[in-house]
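**Student:** for reference, the sequence and a predicted model appear below.
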Amino acid sequence: MAEQDWMMAGLYLVGLVSTALVMSALSARATKVRQTLARVPRRSGE
């Protein structure tokens, strides 16, 4: 049972860390896109 508990704790930690990394990367990319969109005027007629 102890090994299974360690496995579950490890998987939980890995999931938390990966989720935090993904969220930080997405937020950083979103802010970068917003800054570029606000900085650069649209030249294409889309």
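**Tutor:** Yes, it's here. Residues are numbered from 1 along each chain as shown.

**Student:** dump stretch 19-37 to CSV, keeping only the CA atoms.
**Tutor:** The C-alpha coordinates for stretch 19-37 follow below in CSV (Å, rounded to 0.1, in the frame of the first residue of the first chain):
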residue,chain,number,x,y,z
THR,A,19,-0.9,22.2,-15.0
ALA,A,20,0.8,25.2,-13.4
LEU,A,21,3.4,25.2,-16.2
VAL,A,22,0.7,25.0,-18.9
MET,A,23,-1.3,27.8,-17.3
SER,A,24,1.7,30.1,-16.9
ALA,A,25,2.7,29.4,-20.5
LEU,A,26,-0.8,30.1,-21.8
SER,A,27,-1.1,33.3,-19.8
ALA,A,28,2.3,34.5,-20.9
ARG,A,29,1.4,33.8,-24.5
ALA,A,30,-1.9,35.5,-24.1
THR,A,31,-0.3,38.6,-22.7
LYS,A,32,2.3,38.6,-25.4
VAL,A,33,-0.4,38.3,-28.1
ARG,A,34,-2.4,41.1,-26.5
GLN,A,35,0.6,43.4,-26.3
THR,A,36,1.5,42.8,-30.0
LEU,A,37,-2.1,43.3,-31.1
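
**Student:** what is the rounded mean pLDDT of it?
**Tutor:** Averaging pLDDT along stretch 19-37 gives 91.

**Student:** pull out the buried positions in it.
**Tutor:** Across stretch 19-37, burial judged by 16 or more other CB atoms under 10 Å covers no residue at all. All C-beta atoms are positioned from the backbone trio N, CA, C, and that covers glycine.

**Student:** how far is it from where the chain is centred?
**Tutor:** Centre-to-centre, stretch 19-37 and its host chain are 7 Å apart (CA atoms, centre = their mean, to the nearest Å).

**Student:** before we move on, what about stretch 3-14?
**Tutor:** 22 Å.

**Student:** same question for stretch 4-16.
**Tutor:** Taking mean C-alpha positions (CA atoms, centre = their mean), stretch 4-16 and its chain are 20 Å apart.

**Student:** how much space between residue 18 and residue 32?
**Tutor:** Counting by CB to CB, to the nearest Å, the separation of residue 18 from residue 32 is 21 Å.
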